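J.: okay, here's the prediction I keep looking at, along with the sequence it came from:
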Amino acid sequence: MRRGIKIMLVALLVLVIAVPSILIWFSLTQTFIFSSSLHVTDFVKSGNAYAANATDSGRDIAHIYVRIENPQPNSNRIPILFSIWHTDDTELDSLSLKFSTEPYVTSLFLEASSYEWPELEFHQDGKGILFSVKDLGWYGEGTITLDFILDPDPHSNALGLTMDFSMHYSGFMQLTTLKGHSLLNIQLANLS
């Protein structure tokens with residue numbers, strides 16, 4: 001009987017130490033074991049700019065901003081500014097943008113940036129262009145701003161932009177990733 005109690009106490013002690021240790025390890029390595037979806041509002045247009053908010057349980061935690069510039073005279077190239085801001089108590093983990101002018105093939109360039117991400121993907125993906133960073137690292141602590149140059153096919157009337165991002169709350173126990181998804185359709189014919 002005493003041996004059974006000792007085994008049960010040792011097992012309980014191992015459980016009390018192991019479970020919190022495993023949770024702390026997950027938190028420190030940002031290995032998220034839970035996932036939650038953010039609500040991303042529809043984009044609101046103001047001139048050539050588009051803005052949307054991402055909320056978690058009704059609380060604004062991120063703002064997405066896209067500005068499409070008019071092409072320079074005698075040029076088909078369109079400057080695009082993309083920016084995502086988030087609250088101080090959150091960090092961005094990943095970002096994926098897919099630009100498409102289907103059914104036409106388009107070209108897209110990223111202006112020189114001071115960001116240096118080890119896992120950057122920037123390539124043709126079907127008839128669109130994929131820009132994806134799987135781990136934003138310490139850059140995810142602040143606002144991410146990217147400048148692109150779009151060189152669309154002359155027959156393209158619209159630009160589709162699909163956005164996916166993930167973030168988490170900063171703090172001691174970081175076990176939940178927050179994921180956002182949004183679509184934006186921009187009429188290129190309205191640019192002059």
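T.: Received, thanks. Bear in mind that the values here come from a model prediction, so they are computed numbers and not experimental data.

J.: residue boundaries of the strands in the protein?
T.: 34-37, 39-40, 44-46, 49-56, 59-68, 78-86, 90-100, 107-110, 120-125, 128-133, 144-151, 158-169, 176-187 (DSSP state E).

J.: C-alpha coordinates for the fifth one, CSV please?
T.: As requested, the backbone C-alpha atoms of strand 59-68 are provided in CSV (Å, rounded to 0.1, in the frame of the first residue of the first chain):
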residue,chain,number,x,y,z
ARG,A,59,-10.8,44.8,-29.8
ASP,A,60,-8.8,46.5,-32.6
ILE,A,61,-5.3,45.0,-32.6
ALA,A,62,-4.1,45.7,-36.2
HIS,A,63,-4.6,48.1,-39.1
ILE,A,64,-3.9,47.3,-42.7
TYR,A,65,-3.2,50.1,-45.2
VAL,A,66,-2.8,49.8,-49.0
ARG,A,67,-2.1,52.8,-51.2
ILE,A,68,-2.1,52.6,-55.0
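
J.: by contact count, what packs against it?
T.: strand 49-56, strand 78-86, strand 90-100, strand 158-169, strand 176-187 (3 or more CB pairs under 8 Å, 6 or more residues apart in numbering; DSSP states H and E). Every C-beta, even on glycine, is put in place using the N, C-alpha and C of the backbone.

J.: export those strands to TSV and tack on mean pLDDT and mean neighbour count?
T.: Listed next are those as TSV, based on pLDDT from 0 to 100; neighbours: other CB atoms under 10 Å:
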stretch	mean pLDDT	mean neighbour count
strand 49-56	95	18
strand 78-86	94	19
strand 90-100	93	21
strand 158-169	92	19
strand 176-187	91	17
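
J.: please name the bridge partners of residue 145.
T.: residue 83 (DSSP bridges).

J.: tell me the pLDDT at it?
T.: With respect to pLDDT, residue 145 scores 93.

J.: quick check, it in contact with residue 92.
T.: No. Between residue 145 and residue 92 there is no contact under CB atoms under 8 Å: 11.9 Å.

J.: how close does residue 148 get to residue 112?
T.: 12 Å (CB to CB, to the nearest Å).

J.: so between those two, which is more surrounded?
T.: residue 148 (20 against 7; other CB atoms under 10 Å).

J.: residues contacting the more buried one?
T.: 79, 80, 81, 82, 99, 108, 109, 110, 111, 131 (CB atoms under 8 Å, 6 or more residues apart in numbering).
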